[in-house]
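Enquirer: Task: produce atomic coordinates for the following.
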Amino acid sequence: MNLNHHNDHSNSLSGPYQNSHLVIEGGSNNATAVLSHEGNHHNDFESNVDIPVSRSTKIFAMCAALNSCNLGFDIGVNTSAGQLLQDADSLALSTAQLEIFNGSLNLFAAFGALTASAISDRFGRRRGFIVAAIGFIFGVLIMTFAQSYAFLMFGRVFVGLGVGFGLAIDPIYIAEISPAKHRGRLVTWSEIALNVGILIGFSSGLIFNNIQPDSAWRLMFGMGTIMPMTMIALVVWVMPESPRWLVKEGREVEAEQILSLVYPEGYNTSTVVNEIKDGITREEAAEQSIGWGVILSPSPAYKRMLFVGLGAAIAQQLVGIDAVQYFMMYIIERTGIESRTTQSLILILLGLLKLAVIFIAVLTLNDASTGMAIACFMIAITFVMEDGTFLGIIALALYLSFFSLGMGPGAWLIPAEVFSTTIRAKAMSMATFLNRITATVVTSTFLTVAESFTWAGYFSILGIICLLVLLFFFLYLPETKGRSLEEMSLYFAELTGDNAILEAEKKVYAGIGRPAPPSTRTSGTLA
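Expert: Predicted structure coming up:
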């Protein structure tokens, strides 16, 4: 089943990128940022003029993407540090304490992401980056010098809030600083940066391999202050404010100055400013016309739409990706590899593979649930073999690769393309929150469940879940390729016999004094 349904005329997600993401493969919801902010209707999106990506745009996008390295580093460093935290000569964390420590980041990040929009809308994107970086640094320092589990968790709160806050802002900034034609591709840089962060975190285990456990994990955590400090310097000296935020604040002259760096010399940036103002008006009309009641007590059409979109976001974490990444050292050890040096080298190789696959995922996106299921069953088999080391490592590599090719970006592309324009911002926020809560539960119970059901049993369950996810997509995922967002609304209206969704869209367009698109005014069978 092909998930490569994106349609450039229906949204600005011109590449297979989520979130996210908050998303995130793991948590950054980049689709929310791209699709909930103006830009996908800019004249440059459908014009025949080839608008290149300027050097300034690349620099700004690269700086913002660096922020995603923080979450990646946290995943990678805790993969290596988890066993050290349980060492008798260190904090000697119990299994339950380590699970909660790792899993709680997702919970705190979810709440951090919820506050990001309000703060960055009020004070600007640049200050938002600084708030996120300071929160991360403060949390990392507390964890680095923690002498008890309580202080370790206290620091974890600030790290999680900083990660969630930052991941919600960086795709927004990239989306708002980029020409619409290139926005989807540039937002994927956050995903690449996240995997670079994971790789750096994996490498920290090898760098401090010969140091005593209690000192090693502290130094590893301490490395986490480097990237956010670099981020602050870039915000102060390199990155300009978002043109969209400046327009919203009435500072249109400044916005045009920045847009002149983004667009080619001589380009009419006043047109872009007008499009931004139009988009802001449209968003405000949707906010006033459609409240949370539509989502909390949905009509049949909205209910089906939410079932598909929210289901995809939850399914991404049900397949166990965050838990597997956080506890990968335990999995490698149980395949028969006991040397810390060898374990760290394997982690680095897996990180390099995952990073390489991300570049492939930018070009093609397909459902890979079947491949993930096979990989999980292969991992399960290794735990009942006398010598399953080689098979186990190959299976882990396949699992990570198939996730990056399918469920990782696909879980955010799906809701981005099925949610109606009337509920997209709210629905994507809910999708991100449920995704992070699911990640929290799965990660916080990983070791306990694996030890209760045996490791072979646990990965067999994950394999079955992957197959159920495949069945879910097969039964409920509509074909979105070639359909505009308005046509998707019509699809769900016809499927459920409910025209409430079409009436809601008319209400939004009426709020900005425009006629609704033809697809929301008439009913017919979609090809």
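Enquirer: Please enumerate residues in contact with stretch 447-461?
Expert: Identification of contacts with stretch 447-461 by Cβ atoms under 8 Å, 6 or more residues apart in numbering yields 95-96, 98-99, 327, 330-331, 334, 376-377, 379-381, 383-384, 446. Yep, even glycine has a C-beta here, placed from its N, CA and C like the rest.
Enquirer: Which one (most neighbours) among those residues?
Expert: Tallying neighbours with other Cβ atoms under 10 Å puts I379 at the head of these, with 29 neighbours.
Enquirer: how about the residue of the chain most remote from its centre, secondary structure?
Expert: Here the centre of the chain is the reference, and by Cα atoms, centre = their mean the most remote residue is E386, at 38.3 Å. Following DSSP: H, G, I helix; E, B strand; the rest coil, we place E386 in the coil state.
Enquirer: Could you measure from it over to V449?
Expert: 25 Å (Cβ to Cβ, to the nearest Å).
Enquirer: Over to F129?
Expert: Using Cβ to Cβ, F129 is found at 37 Å from V449.
Enquirer: per-residue confidence for the closest residue to L85 other than its chain neighbours?
Expert: In space, and not counting its chain neighbours, L85 is closest to L93: 4.8 Å by Cβ to Cβ, 6 or more residues apart in numbering. The model reports L93 with a pLDDT of 95.
Enquirer: Spit out the contact partners of L93.
Expert: With Cβ under 8 Å, 6+ apart, L93 has these contacts: 85-86, 101, 149.
Enquirer: Most widely separated two among the residues you listed?
Expert: Using Cβ to Cβ, these span at most 11.3 Å, a distance reached by Q86 and Y149.
Enquirer: which SSE is I211 in?
Expert: Using DSSP states H and E, I211 maps to neither a helix nor a strand.
Enquirer: I meant G164, not that one.
Expert: Secondary structure assigned from DSSP H and E places G164 in helix 149-177.
Enquirer: The helix or strand just after that helix: which residues count as buried?
Expert: Later in the chain than helix 149-177, the nearest helix or strand by DSSP H and E is helix 180-207. If you call a residue buried by 16 or more other Cβ atoms under 10 Å, then helix 180-207 has these buried ones: 180-206.
Enquirer: got the contact list for I75?
Expert: Counting by Cβ under 8 Å, 6+ apart, I75 makes contact with 26, 197-198, 201, 322, 325-326.
Enquirer: any low-confidence regions in the protein?
Expert: Along the chain, the model assigns pLDDT under 70 to residues 1-49, 286-290, 361-367, 421, 480-487, 500-501, 504-527.
Enquirer: for the contacts of I75, which one is nearest G222?
Expert: Of the contacts of I75, the one sitting nearest to G222 (Cβ to Cβ) turns out to be G201, at 12.6 Å.
Enquirer: Now the residue nearest to R127 when sequence neighbours are not counted: which helix or strand?
Expert: Using Cβ to Cβ, 6+ apart and skipping residues adjacent in sequence, the residue nearest R127 is S120, 7.5 Å away. According to DSSP H and E, S120 maps onto helix 95-123.
Enquirer: Distance from stretch 229-246 to the middle of the chain?
Expert: Put simply, stretch 229-246 sits 21 Å off its chain's centre (Cα atoms, centre = their mean, to the nearest Å).
Enquirer: Going forward, the N-terminal residue is numbered 11.
Expert: Sure, I'll start numbering at 11, so the last one becomes stretch 239-256.
Enquirer: Please spell out which residues along that stretch are buried.
Expert: Applying 16+ other Cβ under 10 Å to stretch 239-256 flags 241, 244-245, 249-256 as buried.
Enquirer: from the residues you listed, which is closest to F484?
Expert: Using Cβ to Cβ, R254 is the member of those that lies nearest F484, at 38.5 Å.
Enquirer: ok, the closest one touching D288?
Expert: No. Counting by Cβ atoms under 8 Å, R254 stays clear of D288, with 11.7 Å between them.
Enquirer: before we move on, the earlier item: what is the subsequent helix or strand relative to the helix holding S130?
Expert: Helix 105-133 is succeeded, C-terminally, by helix 135-154 (DSSP H and E).
Enquirer: Tell me how many other residues crowd I268.
Expert: Look at I268: counted by other Cβ under 10 Å, it has 18 neighbours.
Enquirer: Residues contacting stretch 247-267, please?
Expert: With Cβ under 8 Å, 6+ apart, stretch 247-267 has contacts from 47-49, 69-70, 73-74, 130-131, 134-136, 139, 182-183, 186-187, 268-269, 271-272, 279-280, 282-283, 286-287, 290.
Enquirer: change it to 6 Å
Expert: Contacting residues not belonging to stretch 247-267 are listed as 70, 73, 134-136, 183, 186, 268-269, 279, 283, 286, 290 [Cβ atoms under 6 Å, 6 or more residues apart in numbering].
Enquirer: Farthest pair within these?
Expert: Spatially, the most separated pair among the contacts of stretch 247-267 is C73 and I290, at 24.6 Å (Cβ to Cβ).
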